[in-house]
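Enquirer: My questions are about this predicted structure, shown below with the sequence.
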Amino acid sequence: MNEKTKTSEDCSRRQFFTHISYTLGGLAALMVGIPIVGSVLAPIVKQPKPIWRPVGELKTFTVGDIVKVSFIDSSPLPWAGVTAETAAWLHRKGEEEFTCFSVNCAHLGCPVRWVAGARLFMCPCHGGVYYEDGTVAAGPPPRGLYDYPVRINNGQVEILTSPIPITTV
């Protein structure tokens with residue numbers, strides 16, 4: 001009778017530790033899984049809001065010129081540091097008329113440069129070429145450069161920044 005009691009105690013003790021092991025393993029998986037699931041779902045749930053960013057005083061831009069302006073990205077990560085700064089190409093067409101294009105190629109996001117002599121935006125990575133109005137002139141880009149809305153507010157030129165989608169077609 002002693003052996004039966006000892007065996008039933010061992011089984012219940014074994015079952016107890018099995019349940020404890022499963023519970024602790026489940027808690028550990030939950031603690032690791034929640035941040036992973038959160039990081040995957042966060043971009044879907046929390047969309048960054050467009051922000052008006054000042055890029056310079058109205059009087060500093062000459063009519064007809066296309067210049068690169070820098071600003072802080074609309075959705076910088078807390079640890080981004082210097083990489084939160086991005087740029088755009090600002091074209092002053094008239095006294096109060098501006099167009100502004102993303103510095104990123106619509107193909108794979110490489111930075112485009114303005115070649116004033118040719119009056120073209122050129123992507124050095126894959127040969128994308130854009131006219132000064134942002135439309136595709138040559139190369140693989142599936143569309144023109146992304147543009148930012150521009151406004152003048154108290155003598156400051158501001159652009160409405162938002163994350164730029166990159167097409168990988």
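Expert: Cool, got the structure.

Enquirer: Let me know how buried the closest residue to residue 63 other than its chain neighbours is, in neighbour terms.
Expert: The shortest distance from residue 63 to any non-neighbouring residue, by Cβ to Cβ, 6 or more residues apart in numbering, is to residue 92 (5.3 Å). For glycine as for every other residue, the C-beta is placed from the backbone atoms N, C-alpha and C. Residue 92: 21 surrounding residues under other Cβ atoms under 10 Å.

Enquirer: Verify the stated contact: residue 92 with residue 69.
Expert: No. Counting by Cβ atoms under 8 Å, residue 92 does not reach residue 69; the two are 10.9 Å apart.

Enquirer: ok so, going back, and the residue nearest to residue 63, how far from residue 26?
Expert: Distance from residue 92 to residue 26, counting by Cβ to Cβ, to the nearest Å: 62 Å.

Enquirer: Now do residue 4, the pLDDT please.
Expert: We have a pLDDT of 52 for residue 4.

Enquirer: next one: residue 48
Expert: We have a pLDDT of 68 for residue 48.

Enquirer: How about residue 149?
Expert: 92.

Enquirer: again, but for the one 5 residues further on
Expert: The confidence metric pLDDT takes the value 88 at residue 154.

Enquirer: Next, count neighbours for it.
Expert: When neighbours are counted by other Cβ under 10 Å, residue 154 registers 8.

Enquirer: Can you name the residues that contact it?
Expert: Residues near residue 154 by Cβ atoms under 8 Å, 6 or more residues apart in numbering: none.

Enquirer: Can you list the residue ranges for strands in the protein?
Expert: Applying DSSP state E to the chain gives strands spanning 51-57, 66-72, 85-92, 98-102, 113-115, 120-122, 129-131, 136-138, 147-148, 150-153, 156-161.

Enquirer: mind putting those strands in CSV, distance to residue 35 included?
Expert: CSV is the format used below for the strands of the chain (distance: least, Cβ to Cβ, whole Å):
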stretch, distance to residue 35
strand 51-57, 27
strand 66-72, 26
strand 85-92, 27
strand 98-102, 32
strand 113-115, 39
strand 120-122, 40
strand 129-131, 40
strand 136-138, 41
strand 147-148, 33
strand 150-153, 39
strand 156-161, 28
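
Enquirer: and residue 45, which of these is closest to it?
Expert: When the strands of the chain are compared by Cβ to Cβ, strand 51-57 sits nearest residue 45, at 19.1 Å.

Enquirer: For the closest one, enumerate the helices and strands it packs against.
Expert: Using 3 or more Cβ pairs under 8 Å, 6 or more residues apart in numbering; DSSP states H and E as the contact criterion, the elements in contact with strand 51-57 are strand 66-72, strand 150-153, strand 156-161.
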